[in-house]
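Student: next come a sequence and a model predicted from it.
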Amino acid sequence: MPRTTLQERDFDVEFRAVTKKFGLVTAVDDVSFSILKGSFHSFLGPSGCGKTSSLRLIGGFEQPDAGEILVNNKSVVGVPPYRRQVNMVFQHYALFPHMDVATNVGYGLRQQRPRLSNKEIQQRVGDALALVRLSGYDRRRTWELSGGQQQRVALARALINKPTVLLLDEPLAALDRKLRKDMQVELKTLQREVGITFVFVTHDQEEALSMSDHIAVMRDGRIVQEGSPTELYHYPLDRYVAGFIGQSNFIAGKVIETGNQVAIRTPEGVVLRAPPSPKAKPLLPGESAVLALRPERIQLSTPEEKLPRVYPGYIAQSTFLGDQTEYHIRTETAEGSGVGALMVRTSSANSHFAPGEPVHLSWEENSGLVLLDD
Ligand SMILES: Nc1ncnc2c1ncn2[C@@H]1O[C@H](COP(=O)(O)OP(=O)(O)OP(=O)(O)O)[C@@H](O)[C@H]1O
Ligand SMILES: [Mg+2]
């Protein structure tokens, strides 16, 4: 659905020019966004960029210094956390260690007034544990659970009050890679099943790309770009976003021609052409820019194959990744023809290059983007 046709009620959370300062640090700097009802919305960015602060503002654990925060189209500034229809799963598991699983999960329900019957609490704890696939774990102690199971208990505890919005602060960061992958799939499935809006914070771009409907990339308390995973992957605004979303090679130079195709000249004098990012403001001659090239867009050939427009180099390192092989290539900068060090990924089935071997690199003129260097 295009955003322009949306009614106000389709948003669960909105920030309007929100600023939050801690002493001299501006953790959230004049940020505006809206989060669609029922969506999986992620904040992605490096440590200290303001992700947790943004979540805590939505949850009511912090108050903004300026701006307006809306949950369900109502201003919540000054409304305490327990009066917002929002629950949070914290960056570090916060299970109560002296309580068993069922008591942890039912904690929020037992705080409700008027009191719920024990039978109802038991029923809902059972339902919540079933939702996170931990039926039968009621009497386990928290130290008898694996990291992934603890995380699922924390999720069940946050879901039991049926919040409209669930805030998740790097909930998978403490898990090992395999478990994290499994939990990513489970979380996404769970979100579809319950239909609750998930606001998810991560500094792991792969995680954000694979799970989100919408990603906001943050830097120094601001949102630098937001959009769907494919939009951000294919049309990053600048080098920062391109470097954060997926992997890219960056070949730096100065802009010498602009228009539908931008030309840059590298310090070695190589002229490279590619389109600009369709969403970025136009580049100006003389500006510092990079050609951003995804590793899978570069073709490798042997020097014997006579392809047009090639850059000579040699294999510095080869890493077998299963179905793909990743090569680090050094180009021959000494001859004034080089573009630096590049990373190339090809299907392992067609890969037969060994370290030290000379290769030719080539790519289609439209396969990269020229982006502002920052
Ligand atoms: N309670 C606080 N008091 C003082 N400064 C704070 C406080 N909370 C956050 N900050 C500062 O605000 C900035 C943003 O912090 P925040 O926790 O939002 O970052 P983050 O993106 O969640 O980082 P990480 O990935 O490391 O969790 C940081 O510079 C941090 O030091
Ligand atoms: Mg954080």
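Tutor: Yep, it's here. Numbers count the residues shown, from 1 in each chain. Ligands and ions are numbered 1, 2, ... in the order given.
Student: quick one, what contacts S75?
Tutor: Contacts here follow Cβ atoms under 8 Å, 6 or more residues apart in numbering; on that basis S75 touches 68-69. The way it works is simple: take the backbone N, C-alpha and C, and place the C-beta from them, glycine included.
Student: pull the residues that contact the host helix or strand of A130.
Tutor: Using DSSP states H and E, A130 sits in helix 118-131. Residues outside helix 118-131 that contact it (Cβ under 8 Å, 6+ apart) are 101-102, 105-106, 109-110, 116, 135-138, 156-157, 159-160, 190, 193-194.
Student: helix, strand, or coil at A156?
Tutor: helix (DSSP: H, G, I helix; E, B strand; the rest coil).
Student: my read: it touches T103, true?
Tutor: No: under the criterion of Cβ atoms under 8 Å, A156 makes no contact with T103, lying 12.0 Å away.
Student: in the protein, where is pLDDT below threshold?
Tutor: Filtered on pLDDT under 70, the chain yields the residue ranges 1-9, 93, 333-339.
Student: again, only using 80
Tutor: Applying pLDDT under 80 to the chain flags the ranges 1-9, 91-94, 174-175, 179, 306-310, 332-340, 350-351, 365-366.
Student: give me the residue at the spatial middle of it.
Tutor: A208 (3.2 Å; Cα atoms, centre = their mean).
Student: mind listing what's buried in the helix or strand in which that one is found?
Tutor: Remark: A208 resides in helix 205-211, with elements defined by DSSP H and E. The neighbour-count check on helix 205-211 (16 or more other Cβ atoms under 10 Å) flags 205, 207-209, 211 as buried.
Student: kindly reformat these as TSV containing distance to ligand 1.
Tutor: Shown next, in TSV, are these (distance: Cβ to the nearest ligand atom, whole Å):
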residue	distance to ligand 1
Q205	13
E207	13
A208	13
L209	17
M211	17
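Student: closest to L179 among the residues you listed?
Tutor: Distance to L179 across the buried residues of helix 205-211 (Cβ to Cβ) is lowest for E207, with 12.6 Å.
Student: who's in contact with that closest one?
Tutor: 172, 180, 184.
Student: which residues of the stretch 51-200 of the chain lie near ligand 1?
Tutor: Residues of the stretch 51-200 of the chain lying close to ligand 1 by Cβ under 6 Å from any ligand atom are 51-53, 91.
Student: how about the residue in the stretch 201-350 of the chain that ligand 1 sits nearest to, what does it touch?
Tutor: Of all residues in the stretch 201-350 of the chain, H203 sits closest to ligand 1, at 5.1 Å by Cβ to the nearest ligand atom. Taking Cβ under 8 Å, 6+ apart, we find H203 in contact with 44-47, 51, 170.
Student: neighbour count and secondary structure added to those, as a markdown table?
Tutor: Formatted as a markdown table, the contacts of H203 follow (neighbours: other Cβ atoms under 10 Å; DSSP: H, G, I helix; E, B strand; the rest coil):
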| residue | neighbour count | secondary structure |
| --- | --- | --- |
| L44 | 26 | strand |
| G45 | 27 | coil |
| P46 | 12 | coil |
| S47 | 7 | coil |
| K51 | 26 | helix |
| E170 | 19 | coil |
